[in-house]
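J.: Predicted model and sequence follow; I will ask about them next.
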Amino acid sequence: MATILPVEGVYPKMGNNVFVAPNATIVGDVIMGDDCSVWFNTVIRGDVNSIRIGNKVNVQDGAVIHCTYQKTKTTIGNNVSIGHNAIVHGCTLHDNVLVGMGAIIMDNAEIGSNSIIAAGAVVLEGTKVEAGSIYAGVPAQKVKDIPQELISGQIDRIANNYIKYAGWFKDK
């Protein structure tokens, strides 16, 4: 059974059709929309500040979402995929974003809509990723504008697939 705990009386809130893996941890001031999934060994810690997660967001295995005490909140839009072992910390991810496996996004970074953060990229504190672009590297830099086919072929496809995958675990 997943660990879902209050912090100072504030419980996480989840929308409809949300899958939380049995060994995931969600604590504190976390509000999650509909059709989301939180996968194995994931940690979402709304203990030191708030975390807001939109609809159709998947947080894949081993990812960590956190923020900074009294300084930075984490806000995640709709139709977002956060890859395995990624760290999303005190930042804003707008709608239709794909965060690659092992990527790190630091405090006060802002990821524009329809963007991809490549696997292993490190988005430094305060970085503004322009909408419709791909960022990669350490530190992450713009590689190119994102072609329309990657929005439907990667960003939308992965988000939709994770709704299907979550369905495999319903009523288990």
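T.: Nice, thanks for sending it over. Residues are numbered from 1 along each chain as shown.
J.: can we go C-alpha only for contacts and neighbour counts from here?
T.: OK.
J.: Just the helices from the chain, written as ranges.
T.: Applying DSSP state H to the chain gives helices spanning 148-150, 157-167.
J.: on contacts alone, who are the packing partners of the first one?
T.: Based on contacts counted as 3 or more Cα pairs under 8 Å, 6 or more residues apart in numbering; DSSP states H and E, there is no element that helix 148-150 packs against.
J.: How far does it sit from its chain's centre?
T.: Computed by Cα atoms, centre = their mean, to the nearest Å, the chain-centroid distance of helix 148-150 equals 21 Å.
J.: Show me what the mean pLDDT comes to for stretch 90-104.
T.: Averaging pLDDT along stretch 90-104 yields 98.
J.: Just the C-alphas of it, formatted as CSV.
T.: Once non-C-alpha atoms are left out, stretch 90-104 reads as follows in CSV (Å, rounded to 0.1, in the frame of the first residue of the first chain):
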residue,chain,number,x,y,z
GLY,A,90,10.7,23.9,-7.0
CYS,A,91,10.0,24.7,-10.6
THR,A,92,7.1,25.1,-13.1
LEU,A,93,6.3,22.7,-15.9
HIS,A,94,3.7,24.0,-18.3
ASP,A,95,1.3,21.9,-20.3
ASN,A,96,2.5,19.2,-22.8
VAL,A,97,6.0,18.6,-21.4
LEU,A,98,8.1,15.5,-21.5
VAL,A,99,10.9,15.3,-18.9
GLY,A,100,13.4,12.5,-20.0
MET,A,101,14.8,9.8,-17.8
GLY,A,102,17.2,11.0,-15.2
ALA,A,103,16.7,14.7,-16.0
ILE,A,104,17.0,17.3,-13.2
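J.: so Val10 makes contact with Gly28?
T.: Yes - the pair Val10 / Gly28 is scored as a contact, 5.4 Å apart, by Cα atoms under 8 Å.
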